[in-house]
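>>> give me coordinates for this.
(one chain, ligands or ions: 1)
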Amino acid sequence: MTATAHRYQFRNSLPQLGHLQEVLDPITLHELTRLGITPGQTALDVGAGAGSIAGHLCELVGRAGKVIAVDIDTSLLNPTGVLDVYQRDLRTQPLPVEPGTVDVAAARCVLEHLPNRHLLLNQMITALRPGGHLLLGEIVYAPVSAYGLTDSDSELIARVVHTILDVFAARGLDLHWGDKVPSVLLANGFQEVRTRWVAETWTGGSAGCRLYADNATQLRDRLLADGLSHAELDRFAELMADPAVLVRGYQFASTTARKPR
Ligand SMILES: C[S@@+](CC[C@H](N)C(=O)[O-])C[C@H]1O[C@@H](n2cnc3c(N)ncnc32)[C@H](O)[C@@H]1O
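Below you'll find the model as predicted:
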C-alpha cells in the first residue's frame, strides 16, 4: 500500500460537508424515520463529519436517549447532554462502544474510504443489540453526463468528474462498496435488507454542483497532475455555478438492515 493510498481525500469543512448534507440528508433522514427509532434509544454515528445525522438522531432518541458520534476530525461536532463525541482514527482504533448496546448504527460516506471497512462494519454489527438497525450510505460509481451544453463543455464536465472518481479510487476509496453492502449484510445474517440507489440531475449553483466544484478545488493539484489544465478547471468551476447547466449527480446507495434477534 502506498503512502497516498487509503488516505481520506478531504479536509472537513462546513462548506464541503454542508453541500454533502444538503444533497444526502433528505435521503438519509427519510430512511432514519422509517426505522422507527424511539425516545430513550442509543444511536451511533460513525464518521459523523459536520453532524447532521447525529443531530437528527438526537432529535429521534430525545433527552432520555444517547447518541455517540465518532470521527477522526471532531472539530465540527459539539457534545451535548445527549450527544457524546469521540475523536478516533477508525483505521487503527476501535469504536468506543460496548457490544450489544446500540439500537441504530449509521455510517454515511465513511466505510467506502477506509481500508479496514469490513473490520469496522463487524465492529458496528457487534455494537448493535439483537434486532438493532444498521444504516449505511455510500457514493457508488456511475457514469456522469451533462445535458443541453456544447459538446466541449459536456465532455469537460464528464472528464473532470470521472477524473475526481479516479483520484478517489487511486486513494483507496471503493466506489463499488455500496453495491456490495447488501450481500455482505445477508452473509452476516441480517434481515430486512433494503438498498435504494439514488442519482438525480443537479443544476449549476445547486448544492450538488457546489459539491462537485468543491471536490475539484480540493483535489486541484492532483487533477492538474492527471492532465487537466488550469483553464479547464476554471471553466468547470464556472459551469458548476451556471444555472443553465444540468448534470447527472453522484450516485448514492443507501442500505438499511436489521440484526437478527
Ligand atoms: C465524506 S465525510 C461524511 C461525513 C458524514 N458522515 C456525512 O455523511 O455528512 C467522511 C467522514 O469520515 C471521517 N473519516 C475519514 N477517515 C476517518 C478515519 N480514519 N477515522 C474516523 N473518521 C474518519 C472524516 O473526517 C469525515 O467526517
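>>> stretch 169-181: which residues count as buried?
Residues Arg171, Gly172, Leu173, Asp174, Leu175, Trp177, Gly178, Asp179, Val181 are the ones in stretch 169-181 that count as buried (16 or more other CB atoms under 10 Å). Where you see a C-beta, it was placed from the backbone N, CA and C, and this is true even at glycine.
>>> out of these, the closest to Leu233 would be?
Arg171 (18.8 Å; CB to CB).
>>> distance check, the closest one against Gly49.
18 Å (CB to CB, to the nearest Å).
>>> rewinding a little: could the buried residues of stretch 169-181 be laid out in TSV, adding distance to the ligand?
Shown next, in TSV, are those (distance: CB to the nearest ligand atom, whole Å):
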residue	distance to the ligand
Arg171	11
Gly172	11
Leu173	10
Asp174	14
Leu175	13
Trp177	13
Gly178	13
Asp179	18
Val181	15
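>>> so of these, which ones are in strands?
Using DSSP state E, no member of the buried residues of stretch 169-181 falls in strands.
>>> nearest to Glu155, of the residues you listed?
Leu175 (21.2 Å).
>>> contacting residues for Ile125?
Counting by CB atoms under 8 Å, 6 or more residues apart in numbering, Ile125 touches Leu134, Asn188, Lys259.
>>> and what of Ala107?
Asp45, Val46, Gly47, Leu120, Met124, Leu135, Leu136, Gly137.
>>> which of these lies closest to the ligand?
Checking the contacts of Ala107 against the ligand by CB to the nearest ligand atom gives Gly47 as the nearest, at 3.2 Å.
>>> so what's the closest one closest to, chain neighbours aside?
Among residues not flanking Gly47 along the chain, Val110 sits closest, at 3.1 Å (CB to CB, 6 or more residues apart in numbering).
>>> for that neighbour, give me the pLDDT.
pLDDT, Val110: 98.
>>> surely it touches Val46?
Yes. Between Val110 and Val46 there is a contact at 5.7 Å, judged by CB atoms under 8 Å.
>>> how about Ser212, what does it touch?
One correction, residue 212 is Tyr, not Ser. Val160, Val161, Ile164, Trp202, Met240, Val247, Gly249.
>>> can you redo those as TSV with secondary structure and distance to the ligand?
Output for the contacts of Tyr212, formatted as TSV (DSSP: H, G, I helix; E, B strand; the rest coil; distance: CB to the nearest ligand atom, whole Å):
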residue	secondary structure	distance to the ligand
Val160	helix	19
Val161	helix	16
Ile164	helix	13
Trp202	strand	17
Met240	helix	18
Val247	strand	20
Gly249	coil	15
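>>> and which of those is nearest Thr101?
Using CB to CB, these come closest to Thr101 at Gly249, 36.4 Å.
>>> count residues in the vicinity of that closest one, would you?
21 (other CB atoms under 10 Å).
>>> which non-adjacent residue is nearest the residue of the stretch 1-150 of the chain found nearest the ligand?
At 2.5 Å from the ligand, Gly49 is the closest residue in the stretch 1-150 of the chain, using CB to the nearest ligand atom. Distances taken as CB to CB, 6+ apart place Leu17 nearest to Gly49, at 4.9 Å, with adjacent residues excluded.
>>> surely that neighbour and Asp73 touch.
No. Here Leu17 lies out of contact with Asp73, judged by CB under 8 Å, at a distance of 10.1 Å.
>>> of the two, give the one with the bigger neighbour count.
It is Leu17, of Leu17 and Asp73, that has more neighbours when counted by other CB under 10 Å, with 20 against 17.
>>> next, that one: secondary structure please.
With DSSP: H, G, I helix; E, B strand; the rest coil as the basis, Leu17 sits in helix.
>>> which residues does it contact?
Gly49, Ala50, Leu76.
>>> so where do the helices sit in the chain?
14-34, 52-61, 117-127, 151-170, 177-187, 207-218, 220-225, 230-240 (DSSP state H).
>>> that older thread, joint contacts of Val110 and Val46?
In contact with both Val110 and Val46: Leu90, using CB under 8 Å, 6+ apart.
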